[in-house]
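In: Please work out how this folds:
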Amino acid sequence: MLDHLTIVTHPLVQHKLTIMRKKETSTAGFRRLLREISLLLAYEVTRELDMTTMRIETPICEMDAPILDGKKLALISILRAGNGLMDGILELIPAARVGFIGLYRDPETLQPVQYYAKVPEMLESRLVIAVDPMLATGNSSVAAIDLLKAAGATNIRFLCLLAAPEGIARMKAAHPDVPIVTAAVDEKLNDHGYIVPGLGDAGDRMFGTK
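Out: Take a look at the predicted model:
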């Protein structure tokens, strides 16, 4: 594990990811697996949340019990594929505040183009987790983090399913203070900016579009 990069090697994560990679996996199956794997990845990305204690009474006695501290964290979905990860994380953290950043990649330049942004208030007081299944060129992810920092966020983590070395390097250069949590680092990008071996376009596979 590098300081800025955590690869989640849990057997269930790796097993589910392999099935997601298979080209014959159905849209429904892909969507279900993404939801399941997001719960396991969320466990890792929330490992170091701030804690405090609360005085409670169990059926046996009173005690000082651990509880999350501070404001509710913020989940930011990088549209559209980020929604697949976010849905599963919300099952684990239903009180989280939710935001959306809409970016699409220009097919010629591979640069991100923003078309939507709506994020929670007081990001400076929250842990902010940005989610997108694929960290490929890193251009969209860097643009999303730029926007979140401009909105006040200072404690940001990036969660993805797959990452390419090029995307990791781009993110580290632009935002060295943002840790990345992923299930796998693949070999490279191809000429079209897709991760190799990857799993194709996560949005298309999740929503059944081409």
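
In: Confirm Ile76 sits in a strand?
Out: Yes - the assignment for Ile76 by DSSP: H, G, I helix; E, B strand; the rest coil puts it in a strand.

In: ok, it touching Ile145?
Out: No - contact criterion Cβ atoms under 8 Å: Ile76 and Ile145 do not qualify, at 9.4 Å. Yep, even glycine has a C-beta here, placed from its N, CA and C like the rest.

In: Tell me where this protein has helices.
Out: With DSSP state H, the ranges of helices along the chain come out as 11-21, 27-45, 82-92, 139-150, 165-174, 202-207.

In: Redo these as JSON lines? Include mean neighbour count and distance to Gly193.
Out: As requested, these are exported to JSON lines (neighbours: other Cβ atoms under 10 Å; distance: least, Cβ to Cβ, whole Å):
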{"stretch": "helix 11-21", "mean neighbour count": "16", "distance to Gly193": "18"}
{"stretch": "helix 27-45", "mean neighbour count": "19", "distance to Gly193": "20"}
{"stretch": "helix 82-92", "mean neighbour count": "21", "distance to Gly193": "17"}
{"stretch": "helix 139-150", "mean neighbour count": "21", "distance to Gly193": "9"}
{"stretch": "helix 165-174", "mean neighbour count": "18", "distance to Gly193": "9"}
{"stretch": "helix 202-207", "mean neighbour count": "20", "distance to Gly193": "13"}
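
In: Mind putting those into CSV with distance to Pro66 and mean pLDDT?
Out: Formatted as CSV, these follow (distance: least, Cβ to Cβ, whole Å; pLDDT from 0 to 100):
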stretch, distance to Pro66, mean pLDDT
helix 11-21, 26, 95
helix 27-45, 16, 91
helix 82-92, 17, 88
helix 139-150, 28, 93
helix 165-174, 32, 95
helix 202-207, 35, 84
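
In: just so I know, which of those helices lies nearest Leu159?
Out: Comparison of the helices of the chain against Leu159 by Cβ to Cβ identifies helix 27-45 as nearest, at 4.9 Å.

In: chain center to that closest one: distance?
Out: 11 Å (Cα atoms, centre = their mean, to the nearest Å).

In: same check, this time on stretch 192-207
Out: Distance of stretch 192-207 from the chain centroid (Cα atoms, centre = their mean) equals 16 Å.

In: contact partners of the longest strand that the chain contains?
Out: Ordering each strand of the chain by length in residues (DSSP state E) puts strand 97-105 first. Contact partners of strand 97-105, identified using Cβ atoms under 8 Å, 6 or more residues apart in numbering, comprise 72-80, 82, 86, 90, 111-120, 126, 130, 137, 139-140, 143-144, 147-148, 193.

In: Kindly recompute the last result at 6 Å.
Out: Strand 97-105 has contacts (Cβ atoms under 6 Å, 6 or more residues apart in numbering) with 72, 74-79, 112-120, 140, 144, 147.

In: Can you lay out the helices of the chain as a markdown table showing distance to Leu103?
Out: A markdown table is the format used below for the helices of the chain (distance: least, Cβ to Cβ, whole Å):
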| stretch | distance to Leu103 |
| --- | --- |
| helix 11-21 | 22 |
| helix 27-45 | 19 |
| helix 82-92 | 10 |
| helix 139-150 | 5 |
| helix 165-174 | 14 |
| helix 202-207 | 12 |
